[in-house]
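> model the structure of this input:
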Amino acid sequence: MAYSFADEYARNLAEQIRHTARDREYVRWALEARKQYVDLRLRQDPEIRKVYLEAARRAGELLRARNRWPSDAVLRTRLRHLQTELEEVAKAFNDEYTAKLKVHITKAVEAGTGYSRAIMVSLAKQANWEVGPVVRLFAQVNQQAVEACWARTKNGLFLSDRIWQQGQQVRDAMKEIIQTGVATGMDAKDLARALEGYVSNGAQTLARQYPNMMKRLKGRIPANLTYEGLRLARTEVTAAFGEGAISAARVSPSYKGMRWILSSAHPLPDVCNDLAERDDFGLGPGVYAPGNEPMYPAHPNCLCVLVPVHETPEEFVQRLRRWQANPATEPGLEGWYRSVYAGQRKEVTPISLRFPASLGARIDPDQIKARYKPEQVLEVIRASSWESSRALKAEYADHRGDWVKELGRALELKEFEDLQEALLGDSRAAVYYYVHRQAGEELAVYIDRIHWSGKVLRNVGLVYNIAKDARVGFWKITKGQSYFRAQSDFVEIKPLEG
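Next up, the predicted model:
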């Protein structure tokens, strides 16, 4: 079998994460969070490149629409008009790039918070605390982390400013190519092909196919127009993962420190080696005390990994028992419970849902949507439980094998419950209202794919019955969204995102 550096890197990283996480479930959650991030990074570059290619296509269409260049007098006017149209191309580029990066940053934050969130949900269940406040806490952490990513400045520029710079670079490069192409006598169609080839493959394409143009352009356009945009997107998504990981860890009472795991992809020693080897807090090499986490990433295209170090379940439960017996013995846990957990319990009181509809009634979807915000609906479902443990176990017995194709095995009961919480915490998930012909008014939370336990699970759906104020169904929705859309009085309260 041929040696694969990628496989070796993955094995080394997995072993480092196992060493950090220690507990079997913690290891699974940490690896799952890392895989979610890696999958996002693999999707990111092609999606950003498409934004550049779309800008080139738009500019090419502007050129092809002219077919041939007019006389010199008219040409100057046409070129001025074309420059104005290139401003529109740059604006469309900015809008599309920003939209993509918003999705990528949100998903990176969710991947970063996922490990600590899973641990805290598990510990809350062991402590017999309500899970709803924990879910709300991490939803709040996610939102604040995303906002922090967009508010962060570099060299005095916000992220939106740096995206704007990318759009200006696209505009300027295209303008230079068009002006040079016209000056060298290229017709509009050839110039469109040259422009698209440059964006797709870099300046070497122009040098090979249009040498006269390149002699004039030397030093005036980037060798690779997409490079800076890709590097910006990669760096910001990596920073978003770190922002999520650190923010989520800091609100977790079991958090002990943040470990910097060195990427084996480093060809030469750099600042990352120092970060992975330092032991300034007596917590072990590369582990930083809460509040002292290093800036992440350390440099553009950094592939190092941040992994929160948490107490094991056994260690936390011992502290929990001491605190339950006498809160004064664990002031840190007592402070967290009162200021963080109890604060979330008070912050959102689940509303009682009442929608203006009945079976077969003609309803106004806008009225349904206006009644409650999507987040209010989700809070009610998150705070809900099954009618009884018997109802949960019956549903589990019927659907434990729904995702066996993706997982290679049936779910355990705890995993069946964990997957529900993962669905309810995923920002992409859709929320539907409908009237079931037998069960009456129901709400559904549905997602077409979710990263869980290192796999991508398809068509995950949870159903909540409004009259019962309870979860009544959780299974693989083989028909996808069409299952819910076929129900009476269907209303899409929140669409499926991404």
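> show me the strands in the stretch 351-498 of the chain, by range?
430-436, 440-452, 455-465, 470-476, 488-494 (DSSP state E, counting those that start in this stretch).
> tabulate those strands (JSON lines), appending mean neighbour count.
(Each C-beta comes from the backbone N, C-alpha and C, glycine too.) Putting those into JSON lines (neighbours: other CB atoms under 10 Å) gives the following:
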{"stretch": "strand 430-436", "mean neighbour count": "21"}
{"stretch": "strand 440-452", "mean neighbour count": "21"}
{"stretch": "strand 455-465", "mean neighbour count": "20"}
{"stretch": "strand 470-476", "mean neighbour count": "19"}
{"stretch": "strand 488-494", "mean neighbour count": "19"}
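> mean pLDDT and distance to residue 16 added to the ones you listed, as CSV?
Listed next are those as CSV, based on pLDDT from 0 to 100; distance: least, CB to CB, whole Å:
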stretch, mean pLDDT, distance to residue 16
strand 430-436, 92, 37
strand 440-452, 92, 21
strand 455-465, 94, 21
strand 470-476, 96, 34
strand 488-494, 90, 38
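> can I get those in CSV including distance to residue 383?
Below are these laid out as CSV (distance: least, CB to CB, whole Å):
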stretch, distance to residue 383
strand 430-436, 15
strand 440-452, 13
strand 455-465, 10
strand 470-476, 11
strand 488-494, 17
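> closest to residue 174 out of these?
Closest to residue 174 of those, according to CB to CB: strand 440-452, at 36.1 Å.
> secondary structure element for the residue most central in space within the chain?
In the chain, the C-alpha nearest the mean C-alpha coordinate belongs to residue 107, at 0.4 Å (CA atoms, centre = their mean). Following DSSP states H and E, one finds residue 107 within helix 72-126.
> remind me what that helix packs against, helices and strands.
If you count contacts as 3 or more CB pairs under 8 Å, 6 or more residues apart in numbering; DSSP states H and E, helix 72-126 packs onto helix 24-64, helix 132-151, helix 159-183, helix 225-250, strand 305-310, helix 313-325, helix 413-424.
> and it, how far out from the chain's middle?
12 Å (CA atoms, centre = their mean, to the nearest Å).
> repeat for stretch 142-157
From the chain centre to the centre of stretch 142-157 is a distance of 15 Å (CA atoms, centre = their mean).
> surely residue 27 meets residue 16?
No - if you go by CB atoms under 8 Å, residue 27 and residue 16 don't touch, sitting 10.9 Å apart.
> tell me who's in contact with residue 201.
Neighbouring residues of residue 201 by CB atoms under 8 Å, 6 or more residues apart in numbering: there are none.
> pLDDT value on it, please?
Predicted confidence (pLDDT) for residue 201: 87.
> distance check, it against residue 51.
16 Å (CB to CB, to the nearest Å).
> then residue 178?
Here residue 178 is placed at a distance of 20 Å from residue 51 (CB to CB).
> next one: residue 97
Applying CB to CB, the value for residue 97 to residue 51 is 5 Å.
> likewise residue 407?
As defined by CB to CB, residue 407 lies at a distance of 34 Å from residue 51.
> quick one, which of those two is more surrounded?
More neighbours surround residue 51 than the other of residue 407 and residue 51, with 23 against 16 (other CB atoms under 10 Å).
> list the contacts for the more buried one?
So residue 51 contacts 93, 96, 97, 100, 229 (CB under 8 Å, 6+ apart).
> now with 10 Å?
Listed by CB atoms under 10 Å, 6 or more residues apart in numbering, the contact partners of residue 51 are 92-101, 166, 170, 226, 229, 233.
> from the residues you listed, list the buried ones, please.
Among the contacts of residue 51, those buried by neighbour count (16 or more other CB atoms under 10 Å) are 93, 94, 96, 97, 98, 100, 101, 166, 170, 226, 229, 233.
> could these go into a markdown table alongside pLDDT and distance to residue 22?
A markdown table is the format used below for the buried ones among the contacts of residue 51 (pLDDT from 0 to 100; distance: CB to CB, whole Å):
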| residue | pLDDT | distance to residue 22 |
| --- | --- | --- |
| 93 | 94 | 46 |
| 94 | 94 | 45 |
| 96 | 94 | 43 |
| 97 | 95 | 41 |
| 98 | 94 | 40 |
| 100 | 92 | 37 |
| 101 | 94 | 35 |
| 166 | 94 | 42 |
| 170 | 93 | 48 |
| 226 | 92 | 41 |
| 229 | 93 | 40 |
| 233 | 95 | 34 |
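> so which two of these are the farthest from each other?
Spatial extent of the buried ones among the contacts of residue 51 (CB to CB) is set by the pair 98 and 226 at 16.2 Å.
> shaky segments in the stretch 1-150 of the chain?
Low-confidence segments of the stretch 1-150 of the chain (pLDDT under 70): 1-10, 66-79.
> tell me the domain ranges of this protein?
Following automatic domain parsing, one finds the domains of the chain at 10-228, 365-494.
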